[in-house]
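Enquirer: got a structure for you, letters missing:
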């Protein structure tokens with residue numbers, strides 16, 4: 001393999017680049033609204049939720065768009081392949097990697113598809129805990145599983161949907177609201193470019 005660290009698209013062509021990797025913010029900032037001179041083979045994107053607008057833009061510039069779910073503790077665990085469905089909407093198809101990823105309730109019982117729960121991951125090379133932090137280890141590593149701190153569910157086509165973080169749930173007068181979900185609804189409003197609730 002050859003690793004290319006460059007924003008020079010002509011160099012990508014000359015080197016025969018076939019995989020592009022970056023975080024959601026890196027790729028969104030790099031591409032902006034412009035298109036690439038041709039479709040490149042593949043982009044792996046990770047680190048936060050990929051908006052439908054960005055996914056559509058990537059599908060116009062790459063043959064394969066992979067939304068990767070990963071963590072330092074588990075490495076790459078799951079991927080969603082982005083595509084345009086028969087209605088012209090951006091959709092995802094979930095593909096497990098070499099890990100078992102489950103959505104569970106507070107008792108560690110698996111939840112059915114479409115039900116929000118806690119994301120946990122297990123594989124053969126999972127970290128065993130955090131250095132010099134027994135409390136965080138006890139919270140995150142239990143019974144051979146790593147509890148990521150994410151809230152998620154399996155949706156259509158087995159796609160993993162991350163709804164938010166366990167620490168992002170706001171209590172508004174007894175009503176539990178996920179800050180990330182509020183962000184997404186606000187961003188969907190006409191004239192709103194970005195939003196963040198905290």
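Expert: Sure thing, it's come through. All of these numbers come straight from a predicted model, not from anything done at the bench. Numbers count the residues shown, from 1 in each chain.

Enquirer: Helix, strand or coil: sort out residue 157 for me.
Expert: The assignment at residue 157 comes out as helix when based on DSSP: H, G, I helix; E, B strand; the rest coil.

Enquirer: Can you tell me the closest non-neighbouring residue to it?
Expert: What sits nearest to residue 157 in space, not counting adjacent residues and going by C-beta to C-beta, 6 or more residues apart in numbering, is residue 93, at 4.3 Å. Glycine gets a C-beta too; all of them are placed from N, C-alpha and C.

Enquirer: shaky segments in this protein?
Expert: 169-176 (pLDDT under 70).

Enquirer: For it, which segments are assigned as helices?
Expert: Listed in chain order, the helices of the chain (DSSP state H) span 9-15, 24-31, 52-61, 134-140, 179-187.

Enquirer: out of these, which comes closest to residue 77?
Expert: helix 134-140 (14.2 Å; C-beta to C-beta).

Enquirer: mind checking how far residue 83 is from residue 90?
Expert: Here residue 83 is placed at a distance of 8 Å from residue 90 (C-beta to C-beta, to the nearest Å).

Enquirer: Find the residues that touch each one of the two.
Expert: residue 59 (C-beta atoms under 8 Å, 6 or more residues apart in numbering).

Enquirer: the more surrounded of those two?
Expert: Taking other C-beta atoms under 10 Å, residue 83 and residue 90 do not tie; residue 90 has more neighbours (19 against 15).

Enquirer: Excluding sequence neighbours, find me the nearest residue to the more buried one.
Expert: residue 52 (4.2 Å).

Enquirer: do you know how far the one you found is from residue 98?
Expert: Distance of residue 52 to residue 98, computed by C-beta to C-beta: 28 Å.

Enquirer: higher neighbour count, those two?
Expert: Taking other C-beta under 10 Å, residue 52 and residue 98 do not tie; residue 52 has more neighbours (13 against 10).

Enquirer: and the residue nearest to residue 145 when sequence neighbours are not counted, what does it touch?
Expert: Excluding its sequence neighbours, the residue lying closest to residue 145 (C-beta to C-beta, 6+ apart) is residue 120, at 4.4 Å. When contacts are counted by C-beta under 8 Å, 6+ apart, residue 120 touches 101, 102, 104, 108, 145, 146, 147, 148.

Enquirer: Noted, bye for now.
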